[in-house]
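K.L.:
got a predicted model here, sequence first, then my questions.
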Amino acid sequence: MKRILPLAAMLVLISACAAVSPIAANEKATTPDLSQEKKQYEQNMEERLRKIGKQLDEIKARTATVTEQTREEMNQYLDDAEQKQQSAARKLEKIRKESTRKWKKFTSDMDAAMDDFEKAYERAKDRFKE
């Protein structure tokens, strides 16, 4: 009986370790996936910021050919778009600083900021067409 008790305890420990081990292995397997997903998200947001920022710069350059009154109106739209761009850039920087496990909490804010920037750009672009 004295020999069976330690043997049973050892079997319980081995079973417990085997049950915990796949979970830990699974967590380690998902960390690179999250890291890659975070990196891809950051690259996508950076590319969107760069693309719309470039288009915004093109509109700014074209404002030189319009009347003073139109330029003043356009500058209001452009200033709004630039503020939205800066806000989105700050949020992207915040995501970059977050750990791989926590970054997803900030994506909804980042997505909203990018949407605001795109809308402000579209308003400025539409106003320039008028």
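P.N.:
Nice, thanks for sending it over. Residues are numbered from 1 along each chain as shown.

K.L.:
any idea of the mean pLDDT for stretch 109-122?
P.N.:
What stretch 109-122 shows for mean pLDDT is 93.

K.L.:
do you know how far the residue nearest to Arg71 when sequence neighbours are not counted is from Lys91?
P.N.:
Using CB to CB, 6 or more residues apart in numbering and skipping residues adjacent in sequence, the residue nearest Arg71 is Thr63, 5.1 Å away. Where you see a C-beta, it was placed from the backbone N, CA and C, and this is true even at glycine. Thr63 sits 27 Å away from Lys91, going by CB to CB, to the nearest Å.

K.L.:
then Glu98?
P.N.:
Glu98 is 11 Å from Lys91, by CB to CB.

K.L.:
between these two, what contacts are shared?
P.N.:
Shared contacts of Glu98 and Lys91, defined by CB atoms under 8 Å, 6 or more residues apart in numbering, comprise Phe106.

K.L.:
okay, those two: which has more neighbours?
P.N.:
Remark: of Glu98 and Lys91, Lys91 carries more neighbours, 19 against 13, as counted by other CB atoms under 10 Å.

K.L.:
look up phi and psi at that one.
P.N.:
phi -70, psi -40 (degrees, to the nearest 10).

K.L.:
show me where this structure dips below the pLDDT cut-off.
P.N.:
Where the chain drops to pLDDT under 70, the residues are 1-31, 130.

K.L.:
let's see that with 50 instead.
P.N.:
Regions of the chain meeting the criterion pLDDT under 50 cover residues 1, 5-13, 15-29.

K.L.:
how about the helices in it?
P.N.:
4-62, 68-97, 107-129 (DSSP state H).

K.L.:
give me the contact list for the shortest one.
P.N.:
When contacts are taken as CB under 8 Å, 6+ apart, the neighbours of helix 107-129 outside the stretch itself are 41, 45, 48-49, 52, 55-56, 59, 62-63, 73-74, 77-78, 80-81, 83-85, 87-88, 91-92, 95.
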